[in-house]
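>>> sequence and predicted structure, then a few things I'm wondering about:
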Amino acid sequence: MIYLDNASTTKVFPEILQKLKDLSEEFFANPNSVHPEGQKCRRELEKTRDLFCEITGSSREEIVFTSCATESNNTIIKGLAEKFPEKNEIVISPIEHKSVLNPVKYLATKGYKIKFLKVDKDGVVDTDDLRKKITEKTLLVGVIHVNNETGVMQDLKTIGKICREREVFFFSDIVQSFGKMDIPFNFIDFFSVSGHKINAPKGTGLLKRSSDLEPLLHGGGQEFGIRSGTENTAGISALGEAVKIWLKRKEEFLKKTKKLEKVLINKLRQDIPEIKVVSENIKVPYITTVIFPQISGHDMVIALGREGVAVSSGSACSSGSPVPSHVLLSYGYSEKDSLSGVRFSFGQDTTEEDVNTAVEKAVKIFKKLKRFTGFSL
């Protein structure tokens, strides 16, 4: 299988996979226990926390380990809302991950006013619109750093400065950029990270906070009272090891994926000149969404899977019928185009041969699907 769906999840690094068994055996105890085995686990956990503090410029109390970015996002959004009930407005981009959009929509059912920011045809947030939408009642501004579907990257420094000037919390989902791109941590009050997007085990993640939060989970009061539940010491340690590997390989990865991006786009255009590459000039090189006109992106994904190529589509299925990508609709694409997007996302082990083979198969499938009206939109 040629795996080009790394924005969805990644393989655990082989060296970490081998190490995980040893970590699980060595750090099996509860890190909140006072006996020697428990304290050994506590030291390992805090050593990993210190690593993230060093990388992000945070204090120990600001880094909270969680199970994933979905938990982190929910904890930040709902936790702030409960902590500061006098602030009942949230300003957010319309191209957020569902784990941000849906908690915000939940708060709307509780009386919160949700303001969606304007984005241009490439998905870039309108900062003038941001300035207009912030009021004294604004609790939080939320803007994803690198969009998981299109790869467009936002200017977090400028957005963060605006939020500081207006004394409003700024939150960013940095799942697709952490370890891969430079991030202006000093300008972000809250952020979320997911381990399985950077070749660490699933069930690992963290959040950064610059304020107190009401917890989602009530229990033993672990993680400074923000996230109750016995910490996954081995998984957290493996997450730290994965980040170290990414930081060493970051420049090499970006250099490689810039080349792969060119191969993908140029070879597709050579045979299918009518394709549209979303956010082409302002996105990260390792995530590319291509709109294949007049065919269903969902059908392309299924057909490529049968040919041994794993990719994904921004459109989702509801009751068996494809639903247009909310991200592409926000960009201003038509409903048809928003159903025609296919995402190719590269990982550490993606090769040029993988991309060439995927393109060859995609071209053949596209021509075949266009011939059959049953597959057309």
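Sure thing, it's come through.
>>> quick one: what helix or strand has the residue nearest to Ser325 when sequence neighbours are not counted in it?
Excluding its sequence neighbours, the residue lying closest to Ser325 (Cβ to Cβ, 6 or more residues apart in numbering) is Gly314, at 3.3 Å. C-beta coordinates here come from the backbone N, C-alpha and C atoms, glycine included. Secondary-structure assignment from DSSP states H and E places Gly314 in no helical or strand segment.
>>> what sits against Gly314?
For Gly314, the contact set (Cβ atoms under 8 Å, 6 or more residues apart in numbering) comprises Glu149, Thr150, Thr289, Gly297, Ser325, Val327, Leu328, Ser338, Gly341, Arg343.
>>> OK, contacts around Thr289?
Applying Cβ under 8 Å, 6+ apart, we find Thr289 in contact with Glu149, Thr150, Gly151, Val277, Val278, Ser279, Gly314, Leu328, Gly341, Val342, Arg343, Phe344.
>>> I'd assumed it was in a strand, is it?
Yes: judged by DSSP: H, G, I helix; E, B strand; the rest coil, Thr289 forms part of a strand.
>>> report the separation between it and His196.
Note on Thr289: its distance to His196, by Cβ to Cβ, to the nearest Å, is 21 Å.
>>> ok, now Gly123?
Taking Cβ to Cβ, one finds Gly123 at 24 Å from His196.
>>> between those two, which has more neighbouring residues?
Summary of the neighbour comparison: Gly123 and His196, criterion other Cβ atoms under 10 Å, with Gly123 having more neighbours (26 against 21).
>>> still on that earlier bit, out of the contacts of Gly314, name the ones that lie in strands.
Among the contacts of Gly314, the members falling in strands (DSSP state E) are Thr289, Gly341, Arg343.
>>> surely the last one and Ser312 touch.
Yes: A contact is recorded between Arg343 and Ser312 when judged using Cβ atoms under 8 Å, the distance being 5.0 Å.
>>> where do the contact lists of those two overlap?
With contacts taken as Cβ under 8 Å, 6+ apart, the residues that reach both Arg343 and Ser312 are Asp5, Ala7.
>>> after whichever strand or helix holds Glu15, which helix or strand is next?
Using DSSP H and E, Glu15 maps to helix 14-26. As assigned by DSSP H and E, the chain's next helix or strand after helix 14-26 is helix 36-56.
>>> for the record, mean pLDDT for that next one?
Mean pLDDT, taken over the full extent of helix 36-56, equals 98.
>>> now it, how far from the centre of its chain.
Distance, stretch centre to chain centre, for helix 36-56: 25 Å (Cα atoms, centre = their mean, to the nearest Å).
>>> what lies in contact with that helix?
When contacts are taken as Cβ under 8 Å, 6+ apart, the neighbours of helix 36-56 outside the stretch itself are 26-33, 58-60, 62-63, 65, 185, 191, 206, 208, 231, 233, 236-237, 239-240, 243-244, 247.
>>> sorry, back to before: who wins for neighbours among the contacts of Gly314?
The most neighbours, when these are compared by other Cβ under 10 Å, belong to Thr289, which has 30 neighbours.
>>> pLDDT weak spots in the chain?
Within the chain, the set of residues satisfying pLDDT under 70 comprises 315-321, 373-377.
>>> so which residue is dead centre in it?
For the chain, the residue lying nearest the average C-alpha position, counting by Cα atoms, centre = their mean, turns out to be Val175 (3.5 Å).
>>> wait, isn't it in contact with Ile183?
No: counting by Cβ under 8 Å, Ile183 is not a contact partner of Val175; they are 11.3 Å apart.
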